[in-house]
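**Student:** predicted model and sequence below, questions to follow.
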Amino acid sequence: MFYEPGDDASDKSVHGLPHNPFKALVAPRPIGWISTVDANGVANLAPYSFFNALADAPPIVMFSNTGVKPDQPKAKDSVANIVATEEFVANIATYPLRDAMNASSAPLPADVDEFEAAGLEKAPCRIVKAPRVAASPASLECKLLQIVDLPAGPNGCNVMVIGQVVGIHIDDAALTDGKFDSGRVQMLARLGYRDYDYVSNVFELDRPSQR
């Protein structure tokens with residue numbers, strides 16, 4: 001089959017399938033569990049599956065907000081807080097934390113702390129003011145580099161947030177022979193539809209040598 005997707009993900013007539021397949025094709029995607037604080041110090045926590053690393057020297061990550069929230073003039077609480085503070089934390093989501101991660105995705109009012117709603121303990125960061133998820137095996141403290149407005153369809157707002165990682169927390173229990181063990185911590189990934197997966201099988205490949 002072939003179809004031209006357009007900008008309306010809810011328009012089933014363009015592909016003729018029960019559900020939009022796009023996000024199932026670009027998968028698995030790591031989940032950026034983004035924690036922020038607003039100007040009044042209220043913490044916010046939300047998972048974003050449009051998340052990835054952009055560079056490693058210096059380390060730079062991004063996440064994209066899709067859609068809007070009734071109590072925010074643009075995008076969602078995470079973006080509003082980052083605009084106000086220019087800081088955020090990207091926490092690693094894992095299979096054992098799947099229910100708490102899912103609970104933190106609820107469309108709660110801006111003045112509600114998702115840490116408390118999801119029953120999660122906060123841990124302080126060293127450089128940024130936002131808290132991190134204490135149970136997460138790793139967290140990346142980030143300073144805002146840029147916010148990019150992206151083309152948006154009927155959902156109203158697509159925004160990419162780019163941040164430079166200025167501090168990294170790693171639980172010693174997540175290290176095996178000095179390496180962060182993604183299989184051991186069962187890093188969570190988003191697939192399409194309502195599907196998820198987690199890292200369980202890890203293998204190595206040596207790069208071809210230069211001639």
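**Tutor:** Ah, there it is.

**Student:** so which residue is dead centre in the protein?
**Tutor:** Centroid-nearest residue in the chain, with CA atoms, centre = their mean: residue 32, separated by 2.0 Å.

**Student:** burial count for the closest residue to that residue other than its chain neighbours?
**Tutor:** Excluding the flanking residues, the one nearest residue 32 by CB to CB, 6 or more residues apart in numbering is residue 51, at 3.1 Å. Yep, even glycine has a C-beta here, placed from its N, CA and C like the rest. For residue 51, the tally of surrounding residues (other CB atoms under 10 Å) stands at 20.

**Student:** what's across from the residue nearest to the centre of the chain in the sheet?
**Tutor:** residue 48, residue 92 (DSSP bridges).

**Student:** what's the pLDDT at it?
**Tutor:** On the pLDDT scale, residue 32 is placed at 98.

**Student:** state the distance from it to residue 115.
**Tutor:** Computed as CB to CB, to the nearest Å, the residue 32 to residue 115 distance reads 16 Å.

**Student:** got the phi/psi numbers for residue 58?
**Tutor:** Dihedral pair for residue 58: phi -80, psi 160, per degrees, to the nearest 10.

**Student:** tell me the contacts of it?
**Tutor:** Taking CB atoms under 8 Å, 6 or more residues apart in numbering, we find residue 58 in contact with 164-165.

**Student:** give me that answer again for 6 Å
**Tutor:** Counting by CB atoms under 6 Å, 6 or more residues apart in numbering, residue 58 makes contact with residue 164.

**Student:** what segments of this structure are helices?
**Tutor:** Secondary structure of the chain (DSSP state H): helices at 22-25, 77-85, 98-103, 114-117, 182-185.

**Student:** tell me the most buried of the ones you listed?
**Tutor:** Among these, helix 77-85 has the highest mean neighbour count (mean count of other CB atoms under 10 Å), at a mean of 22.

**Student:** which stretches of the protein have low pLDDT?
**Tutor:** Scanning the chain for pLDDT under 70 picks out 155, 210-211.

**Student:** break down it into its strands, ranges please.
**Tutor:** 29-30, 32-37, 43-48, 51-56, 59-66, 87-92, 122-123, 132-133, 138-150, 158-170, 175-176, 179-180, 188-190, 196-198 (DSSP state E).
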